[in-house]
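Q: What shape does this take:
(2 chains)
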Amino acid sequence: MRKLVFIPAWNEERSIEAVIADAREHVPGADVMVVDDGSTDRTAALARRAGALVASLPFNQGVGAAHQTAYIFALRHGYEICGQLDGDGQHPASEVARLISEVEAGADLAVGSRFAEDANPDVPEYKSTFARRIGQRLFSLLVSTSTRQTFTDTTSGMRALNHRAMTLFADRYSSEFAEVESLQQAVRAGLVVREVPVHMLAREHGRSFIGPLTSAYYIFKTLIVLLIGQLRPRQVSE
Amino acid sequence: MSFLYAATEPVVRLTPQARILGAVLAIAFMALILDLIRRDKLLERYSIVWFLLGIAMLLGAIFPVLLEWLARAMGVRDVTIALFSATLLVLLALSLNFSGVAARQSKQITRLAQQQAIDGVEEESEASELRD
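A: Numbers count the residues shown, from 1 in each chain, chains lettered A, B, ... in the order given. You can find the predicted model right below:
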């Protein structure tokens, strides 16, 4: 089976090489592609030097458009399975490999969860701020309610998906709440979505830009997005 | 149809000053639109709407009876309220329309950007195959 591991990256020059090397090591036999989302630093050049395929968006389009770029590319080039991990080094590629196995075992979409119960006990628990945890809880509650399936980590960008899921997302993919809305979209289209306990690392560089006020706004917007998602016609998926 | 409203009802009309100001603004507005079209700053599709709006403003200023009809049709006695309400509705419709246009164009731009990014990968891998 042809596999693609892709890394959406926006100005990640400090971590991108390590992430590519990690992906190479832990997902042998997969092609590695960086989707450079309009970076203004050396992300694309470094990724190219590290031997990854590089899809450069001409300007920053947001994480949703970056993911979708990879799905369209993967479908066009006959990749059957696609794994994805963030470019900032928070996602160990060994965990992505587990997600890919989950897809090989029959899931259409496997999502890595930091908060699911039986995460690797040897690894310290993922650190997060109070506001973010509350936000995470609320997102989980909203998505779980709307899909009638339990999700504990709805904003996780560590995923693996098969041809069927890629086809669905290549057709339509949320640009603003890619991670959250795509779960609802996939379940509604009848895809088998599995959440897999994984561990993630603390950010190596930079910090998240999300403050409490922004979080509150995000939660509100997500609520609206999910409500609208419930009203959308279901996508048909063979 | 006169039973629908009492002819004796007091009607708040625009003052002559307001009408003159309205007419002047309407003419200036239309001149601006014409100039923008002339310099290719507006799509013709939208400039027609704007120009019609200017004409409506001018007609309203010249023939106050039109605004009074509008007010009666809306069931209000105050011409200014009719004017404001109608204006708000038109602007609401226009901005909703533009919002839709922006959404469509934003999607198209994303598709173009993605297409360009994918083409870039393909060209590059073709080039490296040639090198090997």
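
Q: low pLDDT regions in the chain?
A: Let's take chain A. By pLDDT under 70, the low-scoring segments of chain A are A:117-129, A:131, A:203-211, A:238.

Q: that's the other chain; I wanted chain B
A: For chain B, the stretches flagged by pLDDT under 70 are B:1-10, B:129-132.

Q: Show me what from it comes close to chain A.
A: By CB under 8 Å from any CB of the partner chain, the residues of chain B that approach chain A are B:110, B:113, B:114, B:116, B:117, B:118, B:120, B:121, B:124, B:125. From N, CA and C alone the C-beta is placed, and that goes for glycine too.

Q: if I look at the closest residue to residue A:237 other than its chain neighbours, how far off is chain B?
A: Once flanking residues are discounted, residue A:237 sits nearest to residue A:189: 4.5 Å by CB to CB, 6 or more residues apart in numbering or on different chains. Computed with CB to the nearest CB, to the nearest Å, the distance linking residue A:189 and chain B is 20 Å.

Q: List the contacts of residue A:189.
A: If you count contacts by CB atoms under 8 Å, 6 or more residues apart in numbering or on different chains, residue A:189 has them with A:168, A:234, A:235, A:236, A:237.

Q: Most neighbours out of these, which is it?
A: Highest neighbour count within the contacts of residue A:189: residue A:168, with 24 neighbours (other CB atoms under 10 Å in any protein chain shown).

Q: quick one: that one and residue A:191 touch, right?
A: Yes: the pair residue A:168 / residue A:191 is scored as a contact, 6.8 Å apart, by CB atoms under 8 Å.

Q: Next, show the common contact partners of the two.
A: By CB under 8 Å, 6+ apart, residue A:168 and residue A:191 have these common neighbours: residue A:237.

Q: Next, the buried residues of stretch A:163-177.
A: Buried positions in stretch A:163-177, judged by neighbour count with 16 or more other CB atoms under 10 Å in any protein chain shown: A:163, A:164, A:165, A:166, A:167, A:168, A:169, A:170, A:173, A:174, A:175, A:177.

Q: let me redo that: stretch B:85-97
A: Residues of stretch B:85-97 classed as buried: residue B:86 (neighbour count, 16+ other CB under 10 Å).

Q: same thing with stretch B:96-114?
A: For stretch B:96-114, the neighbour count (16+ other CB under 10 Å) marks B:110, B:113, B:114 as buried.

Q: which strands and helices sit next to the helix or strand where residue A:219 lies?
A: Element membership of residue A:219 [criterion: DSSP states H and E] is helix A:212-231. The contact analysis (3 or more CB pairs under 8 Å, 6 or more residues apart in numbering or on different chains; DSSP states H and E) places helix A:212-231 against helix A:130-147, helix A:178-188.

Q: Deepest in the core, which of those helices is it.
A: Of these, the one with the most neighbours on average (mean count of other CB atoms under 10 Å in any protein chain shown) is helix A:178-188, at a mean of 23.

Q: which helices and strands does it pack with?
A: Using 3+ CB pairs under 8 Å, 6+ apart, helix A:178-188 sits against helix A:63-76, helix A:130-147, helix A:163-171, strand A:193-197, helix A:212-231.

Q: ok, residues contacting it?
A: Identification of contacts with helix A:178-188 by CB under 8 Å, 6+ apart yields A:62-64, A:67, A:108-109, A:111, A:139, A:143, A:146-149, A:151, A:154-157, A:165, A:168-169, A:172-174, A:193, A:222, A:225-226, A:229-230, A:232, A:234-235.

Q: Show the contacting residues for the residue minimising distance to the centre of chain B.
A: Against the mean C-alpha coordinate of chain B, by CA atoms, centre = their mean, the closest residue is residue B:94 at 4.6 Å. Residue B:94 sits next to residue B:49 when contact means CB under 8 Å, 6+ apart.
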